[in-house]
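[1] My questions concern the predicted model and sequence given below.
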Amino acid sequence: MRKFREAMAFYQSEQEQGNMVIAQQKQRRLENLRSDFEHRKIENTTRQSVQMEMLEKLISLTTKHDAKTKELETELQEARDQIAAMQKEQQEVAERHSKELEEAKRLGAEEEQQKFANMSWLERIQKK
């Protein structure tokens, strides 16, 4: 019986030591996981910070680009408007010149007819 009790005590002692070793291993794993978690949390925070900075720069550049694009589009539209106005003015000048030319031709033809009418029959024959 004594041997049984000793064996039982030895078994319990071994079991307690095994449980202690297992608890220590669990504790080390838990500490390692916490450490790893904290390290990754810091990495993620840093990564997010860098990403936010990059996003802010991108937004700033995009805003500047949009403003410049709008400015250039406005300048382009003004240039187009000026070109259209110049073309309209040229067309009006060309039409006015054409009318003046037609008027001059008509006046010239009327003048010739008047001269012809004022000529004597002898001058008419000579001119033809």
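    Sure thing, it's come through.
[2] Relative to Lys70, how far out is Asn19?
    74 Å (C-beta to C-beta, to the nearest Å). In this view, the C-beta of every residue, glycine as well, is placed from N, C-alpha and C.
[3] er, Ser13 I mean
    84 Å.
[4] same question for the longest helix belonging to the chain, mean pLDDT?
    Longest helix in the chain by number of residues, with DSSP state H as the criterion: helix 2-118. For helix 2-118, mean pLDDT rounds to 90.
[5] Please state the offset of that helix from the chain centre?
    6 Å (C-alpha atoms, centre = their mean, to the nearest Å).
[6] Could you tell me how many residues sit around Gln24?
    10 (other C-beta atoms under 10 Å).
[7] Could you check how far it is from Gln17?
    10 Å.
[8] try Glu71
    Distance from Glu71 to Gln17, by C-beta to C-beta: 80 Å.
[9] got it, and Leu61?
    65 Å.
[10] Convert stretch 45-61 to CSV, retaining C-alpha atoms only.
    In CSV, the C-alpha atoms belonging to stretch 45-61 read as follows (Å, rounded to 0.1, in the frame of the first residue of the first chain):
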residue,chain,number,x,y,z
THR,A,45,-0.6,51.7,-38.1
THR,A,46,2.6,52.9,-39.8
ARG,A,47,1.4,51.5,-43.1
GLN,A,48,-2.0,53.2,-42.7
SER,A,49,-0.2,56.5,-41.8
VAL,A,50,2.0,56.3,-45.0
GLN,A,51,-1.0,55.4,-47.1
MET,A,52,-3.0,58.4,-45.7
GLU,A,53,0.0,60.7,-46.5
MET,A,54,0.1,59.3,-50.0
LEU,A,55,-3.6,59.7,-50.4
GLU,A,56,-3.5,63.3,-49.2
LYS,A,57,-0.7,64.0,-51.7
LEU,A,58,-2.6,62.3,-54.5
ILE,A,59,-5.8,64.3,-53.6
SER,A,60,-3.7,67.5,-53.6
LEU,A,61,-2.1,66.8,-56.9
